[in-house]
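Asks: Have a look at this fold, sequence not included:
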């Protein structure tokens, strides 16, 4: 049995299980347009890296922010979300106002500001 076949079967098995128990988490229940990005924002796979970049902005150290943000994007560790981009919520952390949003078509989520994400229309 191929790996892709097992993944597809696993997905349908999980979907059937969730429907059977009636407790579908938001990240699984969402469809296209689940959430959208309200304004351009950076997100990083590693929450600690995102927190560090956000701190540089709070400290108004634009030069350091730009260096770290660009290095993060080049390495694939960070992503620049665009206003109107469709994302799916994976995790949400309070306090701190951070959420891990997965861009449509991607397999990983990126930590970003909770305020940058809103429920889709």
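Replies: Perfect, thanks for sending it. Remember, predicted model here, so these are calculated numbers, not experimental data.
Asks: For the chain, give me the ranges with low pLDDT.
Replies: By pLDDT under 70, the weakly predicted segments of the chain are 1-33, 94-96, 121.
Asks: For it, just list every one of the strands.
Replies: Counting by DSSP state E, one finds strands in the chain at the ranges 35-37, 41-44, 78-81, 86-93, 98-103, 110-113, 117-119.
Asks: Please produce TSV containing the ones you listed, extended by mean neighbour count.
Replies: Every residue, glycine included, has its C-beta placed from N, CA and C. Shown next, in TSV, are those (neighbours: other CB atoms under 10 Å):
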stretch	mean neighbour count
strand 35-37	21
strand 41-44	23
strand 78-81	20
strand 86-93	18
strand 98-103	23
strand 110-113	24
strand 117-119	16
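Asks: Relative to residue 54, which of the ones you listed is closest?
Replies: With CB to CB, the closest approach to residue 54 among the strands of the chain belongs to strand 110-113: 7.4 Å.
Asks: name the helices or strands packed onto the closest one?
Replies: strand 41-44, helix 47-58, strand 78-81, strand 98-103 (3 or more CB pairs under 8 Å, 6 or more residues apart in numbering; DSSP states H and E).
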